[in-house]
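Chemist: I would like to see how this sequence folds:
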Amino acid sequence: MKLPGKVLVVGADGAIGAALASALPRASVLGTSRRPDSGWLPLDLGMPINTAILPDAQTVFLCAGINGFSACDADPALAARVNVESTLAVGVHYLRRGAHVVFLSSTAVFGARADAPDEVTPVSPDTSYGAFKCASEVALHAAARSTPGPCTIVRLTKVLSSQTPLLQKWRSEATVDAFTDSMVCPVSLPFVIQGLLQIAQRRAAGCFHLAGAQTLSYAALAQALVQQGQLANAVVRETGQGSRESSGVQAQCVSLTMPQTSQKLGIRAQTLEDCLQDL
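Modeler: Numbers count the residues shown, from 1 in each chain. Sure, this is the predicted structure:
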């Protein structure tokens with residue numbers, strides 16, 4: 001799919017960023033990475049951002065960040081700098097120049113209390129990771145009200161691909177240990193990329209969800225992969241103690257509903273069958 005003008009993917013060597021860059025014409029894509037040998041423009045969100053060196057772009061995908069609860073808890077100061085301060089510096093820079101800024105967010109903004117929230121459900125983060133995502137959402141929306149560029153928040157449920165480490169691990173094992181008390185609402189990477197490109201093509205501002213249609217345990221997911229022949233002759237051994245409750249932290253919201261996204265963009269929640277076929 002072709003988008004007008006240059007497209008900047010911040011975090012072009014991550015799973016989603018790399019797939020986005022690959023889905024666009026190479027001549028129109030600019031990417032950033034904190035890794036000096038990546039072949040992309042160097043940009044370390046852990047350092048002060050010099051916006052003067054940022055290239056011109058008409059569409060900007062903010063894909064980079066410190067992901068996950070443990071990583072944010074381990075160094076909250078660094079996570080705040082990367083996930084909030086530097087992300088906002090880049091995003092607001094482009095909004096002021098009329099670019100369409102697309103920020104990837106998470107179910108973590110809803111914490112443990114929400115049950116299948118939709119796009120207008122009030123956020124209620126109760127982890128550092130969720131609070132950082134929420135802070136960036138709020139600040140980007142606020143900035144967009146006084147800048148010429150549109151801003152889009154896209155919240156995702158669990159994104160899976162053939163390269164997801166857990167799936168690679170399962171495929172290497174004759175016996176797959178999978179949790180019955182840890183839940184997942186999977187979507188495939190191709191589904192997410194197609195949705196993001198559709199949002200960017202329409203320059204659709206606001207908040208949208210890209211979610212799976214079914215929430216199930218990791219054990220049930222493994223069984224479904226076995227039934228589809230994707231785990232060869234593996235045997236699934238169901239185990240407990242997979243939820244964050246076992247470590248003293250409440251299990252987080254994992255599922256989303258997407259009525260506004262479906263109504264405005266025609267994108268429906270991805271069925272489990274379609275998700276598994278993409279893996």
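Chemist: which residues of the stretch 1-150 of the chain fall in strands?
Modeler: For the stretch 1-150 of the chain, the strands defined by DSSP state E, counting those that start in this stretch cover 7-10, 29-33, 41-42, 59-62, 100-106.
Chemist: Any chance of the ones you listed in a markdown table with distance to Ile199, mean pLDDT and mean neighbour count as columns?
Modeler: All C-beta spots, glycine's among them, are computed from the backbone N, C-alpha and C. A markdown table is the format used below for the strands of the stretch 1-150 of the chain (distance: least, Cβ to Cβ, whole Å; pLDDT from 0 to 100; neighbours: other Cβ atoms under 10 Å):
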| stretch | distance to Ile199 | mean pLDDT | mean neighbour count |
| --- | --- | --- | --- |
| strand 7-10 | 13 | 99 | 27 |
| strand 29-33 | 17 | 97 | 21 |
| strand 41-42 | 23 | 96 | 14 |
| strand 59-62 | 10 | 99 | 27 |
| strand 100-106 | 6 | 99 | 26 |
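Chemist: okay if I get those as CSV plus distance to Gly240?
Modeler: What follows is the strands of the stretch 1-150 of the chain, written out as CSV (distance: least, Cβ to Cβ, whole Å):
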stretch, distance to Gly240
strand 7-10, 39
strand 29-33, 39
strand 41-42, 45
strand 59-62, 37
strand 100-106, 25
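Chemist: Helices along the stretch 151-279 of the chain, start to end?
Modeler: 165-171, 189-202, 218-227, 259-265, 272-277 (DSSP state H, counting those that start in this stretch).
Chemist: Select, out of those helices, the one closest to Asp118.
Modeler: helix 259-265 (5.5 Å; Cβ to Cβ).
Chemist: List the buried residues for the closest one?
Modeler: Thr261, Leu265 (16 or more other Cβ atoms under 10 Å).
Chemist: quick one: Glu119 from Leu160, how far?
Modeler: Look at Glu119 and Leu160: by Cβ to Cβ, to the nearest Å, they are 22 Å apart.
Chemist: more crowded one of these two?
Modeler: A count of neighbours by other Cβ atoms under 10 Å puts Leu160 above the other of Glu119 and Leu160, at 23 against 18.
Chemist: Which residue is the nearest non-sequential neighbour of the more buried one?
Modeler: Pro186 (5.0 Å; Cβ to Cβ, 6 or more residues apart in numbering).
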